[in-house]
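**Student:** here is my input; please provide its structure:
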Amino acid sequence: MVGGDVLIDLSDVERFKEIIDSTPGKEVDVLIQSPGGSAEATESIVDLLRSRFQHIRFLVPGAAKSAATMLAMAGDVILVDESSELGPTDPQMIINGRQSPAGAIRDQFKKAEKDLNSTPSLMPAWLPILQQYGPSLLVECENHIRLSQRLVSRWLTSYMFRGDADGPRKARAVAKYLSDDRKFLSHARRVGLDELRRLRVEVLDTRDEPRLHEAIRELYVSVLVTFESTGAYKLFENSEGAALIKLVQIQQVGFPLAQQAPPQQGIPQN
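**Tutor:** Numbers count the residues shown, from 1 in each chain. Got it, this is the predicted structure:
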């Protein structure tokens, strides 16, 4: 099992660097298929890409969720179709092996404070819940929410909304919307083409350019086939043939066939 290794992490920064070093030109298309990962690692990847390329289009034929959505917001335009999905950017905290939205933890603290101020006798019910949280957790939650909003807002202002007098305000609105767990109710919710347009994000529906749409779909299917038919779980590749692939070793284990007892007389065999 690869577990969290499929997520965006700091080790991916060096892989991006190796791939873009052999990618020519000042404009690039980047196809993303990712469940998300570290906002901090995503920031380093954005800085790396933006130091190398003047214009970036992010291609999302499948799913770019969470931190991968943040990455897409650092592009000049996002290419999608009817099956594409981005997602909320609200931070997720791992507590005792369980993933919980930072906003939900913050709200639970506020509810506990309100309940205990009005009804102190509820302390026995709240105590087991509050004891599992570290002393700095509430501040950490606020900081992670603030980081998500700041990064997305900064990237949108600097790139996608560059030159737009109303760009900073639009960027803040998009960043706040995507990071609000109360609106989405689930971190896995889909943000599709129509919703992106309502947010005034620069998106291109690739169905309007059939040849481009077909080329992206073919590339996307080849990526999925690679994941499904091999032990690959992370793929970094460019148009020049350079590729870095993370693989999990798959071993087939054979078991000896059980000795079958001879049929007993009078007992039917299926």
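
**Student:** wait, Val80 touches Arg207, no?
**Tutor:** No. The criterion here is CB atoms under 8 Å, and Val80 misses it with Arg207 at 9.5 Å. The way it works is simple: take the backbone N, C-alpha and C, and place the C-beta from them, glycine included.

**Student:** can you pull out the helices in the stretch 101-250 of the chain?
**Tutor:** 102-118, 123-131, 137-155, 167-178, 181-184, 193-198, 210-229 (DSSP state H, counting those that start in this stretch).

**Student:** can you put those helices in CSV and add distance to Asp29?
**Tutor:** Formatted as CSV, these follow (distance: least, CB to CB, whole Å):
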stretch, distance to Asp29
helix 102-118, 32
helix 123-131, 47
helix 137-155, 17
helix 167-178, 22
helix 181-184, 28
helix 193-198, 18
helix 210-229, 9
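
**Student:** mind putting the ones you listed in a markdown table, mean neighbour count, mean pLDDT and distance to Pro88 included?
**Tutor:** Below are the helices of the stretch 101-250 of the chain laid out as a markdown table (neighbours: other CB atoms under 10 Å; pLDDT from 0 to 100; distance: least, CB to CB, whole Å):
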| stretch | mean neighbour count | mean pLDDT | distance to Pro88 |
| --- | --- | --- | --- |
| helix 102-118 | 15 | 91 | 10 |
| helix 123-131 | 11 | 88 | 24 |
| helix 137-155 | 19 | 95 | 10 |
| helix 167-178 | 18 | 97 | 6 |
| helix 181-184 | 16 | 94 | 4 |
| helix 193-198 | 15 | 96 | 11 |
| helix 210-229 | 13 | 94 | 23 |
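
**Student:** OK, contacts around the residue most central in space within the chain?
**Tutor:** Centre of the chain computed as the mean C-alpha position; nearest residue by CA atoms, centre = their mean is Gly36, 2.1 Å away. Gly36 sits next to Leu7, Ile8, Lys65, Ser66, Ala67, Ala68, Thr69, Gly87 when contact means CB atoms under 8 Å, 6 or more residues apart in numbering.

**Student:** the same query, at a cut-off of 10 Å, please.
**Tutor:** Contacts for Gly36 (CB atoms under 10 Å, 6 or more residues apart in numbering) come out as 6-8, 42, 63-71, 87-89, 92, 187.

**Student:** what of Leu31?
**Tutor:** 57-62, 64, 79, 216, 219-220, 223, 235, 237.

**Student:** tell me the phi and psi of it?
**Tutor:** phi -90, psi 130 (degrees, to the nearest 10).

**Student:** quick check: domain ranges of the protein?
**Tutor:** 3-87+190-247, 95-139 (automatic domain parsing).

**Student:** so which of these is nearest Ser158?
**Tutor:** domain 3-87+190-247 (8.1 Å; CB to CB).

**Student:** export the strand or helix carrying Ser100 as PDB, just CAs?
**Tutor:** Using DSSP states H and E, Ser100 maps to strand 98-101. This file holds the C-alpha atoms of strand 98-101, laid out as PDB (Å, rounded to 0.1, in the frame of the first residue of the first chain):
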ATOM      1  CA  ARG A  98      -8.500  10.800  11.800                       C
ATOM      2  CA  GLN A  99      -8.800  13.500   9.200                       C
ATOM      3  CA  SER A 100     -10.900  16.500  10.200                       C
ATOM      4  CA  PRO A 101     -11.500  19.900   8.600                       C
END
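
**Student:** so Val80 and Arg207 - more neighbours on which side?
**Tutor:** Val80 (27 against 13; other CB atoms under 10 Å).

**Student:** how much space is there between the more buried one and Leu193?
**Tutor:** 5 Å (CB to CB, to the nearest Å).

**Student:** residues shared between the contacts of those two?
**Tutor:** In contact with both Val80 and Leu193: Val60, Leu86, Val201, Val203, Leu204, Asp205, Arg207, using CB under 10 Å, 6+ apart.

**Student:** of those residues, select the buried ones using a ChimeraX command.
**Tutor:** For the buried members of the shared contacts of Val80 and Leu193, the matching ChimeraX selection, counting by 16 or more other CB atoms under 10 Å, is:
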select :60,86,201,203,204
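
**Student:** quick one, what contacts the closest residue to Gln149 other than its chain neighbours?
**Tutor:** Among residues not flanking Gln149 along the chain, Ala175 sits closest, at 4.4 Å (CB to CB, 6 or more residues apart in numbering). Each residue near Ala175 by CB under 10 Å, 6+ apart is listed here: 70, 73, 89, 148-157.
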